[in-house]
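>>> build the 3D model from these lines:
(2 chains)
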Amino acid sequence: MSSAEITSGVAPTKASAPTLSLPLRTIVLWAVIVTFCVVPFVLVLAISFGQKIEGAAWEWAFTGENYLRFFVGADWPETTTTLYLNRLYYSLHYAVIASVIAVITAFPFTYFLTRMSRAAQSRWLVFLLATMSLSEVFIVMGWDILLSNRSGLPMVLRETGITQWLKDVGWFTQLREWGLANPRDVKFKTSVVATILTMSYLVWPYAVILMYPALSRLDQSMVEAARTMGAGPWTVVRTVVLPTIRMPLIGTVFLLFVFLLGSYVTVTVFADPSKQTLAVSVYEAVRGSTLNAPFGAAQAIILLITGAICLWLGQLLVNRTGSSAEAKA
Amino acid sequence: MADLVLSGIRKNYGKVQAVTSADLTFAHGELTALLGPSGCGKTTLLRMVAGLEDLTAGQITLGTRNLTDVPAHKRKFGMVFQNFALFPHLNVRENVCYALTIDGVPKAEAYSKAGELLDLVQLSAFADRRIGALSGGQRQRVAIARALAQEPEIFLLDEPMSALDANLREAMQVELRLLQQRLGITTIVVTHDQREAMTMADKIVVMSNGRVEQFGPPQDIYHKPRNAFVADFIGRANFFEGIIKSGKIAAGGLTLDAGDLKFTETTPVQVAIRPEKVYLEDTMPEGNRVAATVKFVRDVGAARDIHLETPLGPMIVEYAIGENARSVSVGDSVEVHLPATALYVYPSEAAVRKAA
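Have a look, this model is predicted:
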């Protein structure tokens, strides 16, 4: 914009028409960005410093109480609670593990996909893109039935005698320790395993679509060169394929991680109430039972900042290992 | 030491026959060039030797060992790829070390081996460079050093010069040949460039349409081409059609003596003669004379091509500088002499096709 002003200043008469249209376009663009991206965010930020009125709504204020409550609880310093920190922890915990699992399992699939015929590849990609149109609600409903204690997998395990067999060999007690069994039966609802698996399933097509370009561009002659130098299939993947697509791979994990930080339906259905996430808590505060918009806004801001810090730390780590590999070489 | 023997090698891709029944013996320490136009199956043959393609039929043996079903990573024949296929995430030294590193050779030992190899290809100063910071010629040397690091029994190169510019290519051909002779390693090079093959090879395999057309030393291939394809593909040749009549060739109203011919009467034949073997001089041997008109003279300095129109069809005569060609100018009526020993006579392709 500043360069446009300078040029209009230098040649005011001749170039007035084109220089006028450029700032106009820029102004419209900025107006759109500000209205739809900045204003909502600033509103949330402002509300997070607001105050709840008991029995009513909330009012504008400038108080740090909401943030204080998040970290140590409303009754601090009399009592301290880490309930919300705990929720933040589960937000990160689920998102990190689920995105890593999705990438680890989608990688071999995508690798073999890029080795199929062109026609087979496009069929798979169209199928995966189509599955993206399924909403989280729809997917969770399916998994809810699949994992439900009365009619899902636990029932199948019970009826086929596998549950009994698990009890006989003593692995059932191990499952109980992991929270995957009640006294009589195997159970998935509620459990961390079911939550994370469903989350992974949710983003799995995205993992494939995100890794596909990098893997299909991978130069096959590098793989063949490694083979002629004595590298078996595993060594090829470990020493050639993974290092070559390292950046796209890490990028995929980051993206899925951010996406999963906000997942709501999966957590409400599959996670134990004591292990629910900040996304659920934000929703409850803003729209749900507790009706405390300022506190919900504060939680949302903290979730956002934590996510950003995680990405920043992750990138720092990637750059460090990258540059140290370079320095070592 | 052991020779590499291919017997009855075939490769089909669906219904397409990429290689049809190749029987070849690569003698220990020799450099063999697989030469042919693109799509002739030479790269497929090389990849089968490397273990990167399965055979449809046939057997590959090295000495007493049958390698037919041994996977590429157990054969460990060093291979240089057309695009060099260097690993961009490793530097020059690590690329050269790759085979040793994955084999668990201690780092110090691997590095000293890499140092030797980089010395050999004159790249010691570049050991710490990233691959992206190298020129095409340097990349090729790294690829060669990398393939040699594992001390392979067989050294394979797939069109190694095609990514280099013309000047560098000729220098690298000589350099690669000297290196190969110094190491005494059995080497197979795929190329479509006959000068490259003639420069480097002990033996040349000429291929077309998946078939081995001729296998022999370069001079044999050049001076005794076994069929019209080889005569045409290696070097240049003038072709004309004729018919066998009483032990001689009847063509264009002339009767030409071509030495001892093993053809029955009235066989249609195709005759080839190399441009530099046609005489166009003031004093020439008797017989096999053909009247000609000069159409065009192409003088490229070191040599002169004289394009002629003859009763046998168009013909090119080449004279190098210093040879006693008669001076000609466009439009002259001249006579050329075709030495009987320089005429290559093959069954006519049309006749061969009819028989097949």
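>>> so how far is the helix or strand that contains B:G58 off the chain centroid?
In this assignment (DSSP states H and E), B:G58 forms part of strand B:57-62. Centroid separation for strand B:57-62 versus its chain: 23 Å, with CA atoms, centre = their mean, to the nearest Å.
>>> equivalent analysis for stretch B:13-33, please.
On CA atoms, centre = their mean, the centre of stretch B:13-33 falls 13 Å from the chain's centre.
>>> and for stretch B:280-295?
33 Å.
>>> give me the contacts around that stretch.
The contact list for stretch B:280-295 (CB atoms under 8 Å, 6 or more residues apart in numbering or on different chains) reads B:252, B:254, B:256-257, B:279, B:306-312, B:314-315, B:317, B:319, B:324-326, B:328-340. C-beta coordinates here come from the backbone N, C-alpha and C atoms, glycine included.
>>> how far does that stretch stretch from start to finish?
End-to-end span of stretch B:280-295 (CA to CA, to the nearest Å): 14 Å.
>>> and stretch A:224-243, by the same measure?
End-to-end distance for stretch A:224-243: 16 Å, by CA to CA.
>>> can you check stretch B:55-72 too?
End-to-end distance for stretch B:55-72: 13 Å, by CA to CA.
>>> for that stretch, buried residues please.
Within stretch B:55-72, the residues that count as buried by 16 or more other CB atoms under 10 Å in any protein chain shown are B:L55, B:G58, B:I60, B:T61, B:L62, B:L67, B:T68, B:A72.
>>> go back to these and keep what's next to chain A.
Among the buried residues of stretch B:55-72, the residues within reach of chain A (CB under 8 Å from any CB of the partner chain) are B:A72.
>>> now flag whichever of the buried residues of stretch B:55-72 is closest to chain A.
Nearest to chain A out of the buried residues of stretch B:55-72 is B:A72 (CB to the nearest CB; 4.2 Å).
>>> ok, and the closest non-adjacent residue to the closest one?
Of all residues beyond its chain neighbours, the one nearest B:A72 is B:G51 (3.4 Å), with distances taken as CB to CB, 6 or more residues apart in numbering or on different chains.
>>> how confident was the prediction at that neighbour?
With respect to pLDDT, B:G51 scores 94.
>>> surely it is in contact with B:D69?
No - between B:G51 and B:D69 there is no contact under CB atoms under 8 Å: 9.3 Å.
>>> gap between stretch B:277-293 and the chain center?
How far stretch B:277-293 lies from its chain's middle: 32 Å, per CA atoms, centre = their mean.
>>> now that stretch: buried residues?
Buried residues in stretch B:277-293, defined by neighbour count with 16+ other CB under 10 Å: B:K277, B:V278, B:Y279, B:L280, B:N288, B:V290, B:A292.
>>> could I get those as TSV with pLDDT and distance to B:E151?
Listed next are the buried residues of stretch B:277-293 as TSV, based on pLDDT from 0 to 100; distance: CB to CB, whole Å:
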residue	pLDDT	distance to B:E151
B:K277	92	45
B:V278	92	49
B:Y279	91	52
B:L280	90	54
B:N288	90	55
B:V290	92	57
B:A292	93	58
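>>> about what we covered before: count of neighbours near the residue nearest to B:A72?
When neighbours are counted by other CB atoms under 10 Å in any protein chain shown, B:G51 registers 24.
>>> show me the contacts for it.
A:R227, A:T228, B:L67, B:V70, B:P71, B:A72, B:H73, B:K74, B:R75, B:F77.
>>> the last one contacts B:Q150, doesn't it?
No - because the distance of 9.1 Å does not satisfy CB under 8 Å, B:F77 is recorded as not touching B:Q150.
>>> tell me which of those two has more neighbours.
B:F77 (24 against 20).
>>> which residues of the stretch 201-329 of chain A score low on pLDDT?
A:322-329 (pLDDT under 70).
>>> still on that earlier bit, and the two most separated of the contacts of B:G51?
Using CB to CB, the pair of these lying farthest apart is A:R227 and B:L67, separated by 14.4 Å.
>>> which SSE is A:F254 in?
helix A:246-261.
>>> does chain B sit close to that helix?
Yes - legend: contact between helix A:246-261 and chain B by CB under 8 Å from any CB is shown at A:R246.
>>> ok, and what's touching the helix or strand harbouring B:A197?
Assessed by DSSP H and E, B:A197 sits inside helix B:194-200. Residues outside helix B:194-200 that contact it (CB under 8 Å, 6+ apart): B:31, B:33, B:35, B:161, B:169-170, B:173-174, B:176-177, B:180, B:189, B:191, B:204, B:218, B:222, B:233-235.
>>> please report the average pLDDT across that helix, rounded to a whole number.
90.
>>> now swap in stretch B:212-231 and tell me
Averaging pLDDT along stretch B:212-231 gives 92.
>>> distance between the ends of it?
In stretch B:212-231, first residue to last residue: 14 Å (CA to CA).
>>> tell me which helix or strand A:V103 sits in.
A:V103 belongs to helix A:83-113, assigned by DSSP H and E.
>>> ok and the next helix or strand after that helix relative to helix A:83-113, angle-wise?
Where DSSP H and E defines the elements, the next helix or strand beyond helix A:83-113 is helix A:118-131. Angle, helix A:118-131 to helix A:83-113, by axes from the mean of the first three to the mean of the last three CA atoms, to 10 degrees: 160 degrees.
>>> please point out which parts of helix A:118-131 sit buried.
A:W124, A:L128.
>>> can I see the domain layout of the chain?
I went with chain A, as the question did not name one. Chain A breaks down by automatic domain parsing into domains covering A:1-47, A:83-148+A:189-328.
>>> should've been chain B
According to automatic domain parsing, the domains of chain B span B:4-229, B:236-355.
>>> deepest of those, which one?
Using mean count of other CB atoms under 10 Å in any protein chain shown, the stretch among the domains of chain B with the largest mean neighbour count is domain B:4-229, at a mean of 19.
>>> and the strands in the stretch 51-200 of chain B?
Listed in chain order, the strands of the stretch 51-200 of chain B (DSSP state E, counting those that start in this stretch) span B:57-62, B:65-66, B:78-80, B:154-158, B:186-191.
>>> and the pLDDT for the residue in the stretch 201-350 of chain B that chain A sits nearest to?
Ranked by CB to the nearest CB, the top residue of the stretch 201-350 of chain B for proximity to chain A is B:V205, at 20.4 Å. According to the prediction, B:V205 has pLDDT 95.
>>> which residues sit against the helix or strand hosting it?
For B:V205, the element it lies in under DSSP H and E is strand B:203-208. The contact list for strand B:203-208 (CB under 8 Å, 6+ apart) reads B:24, B:26-27, B:30-37, B:40-42, B:45, B:197-198, B:212-218, B:221, B:229-230, B:233-234.
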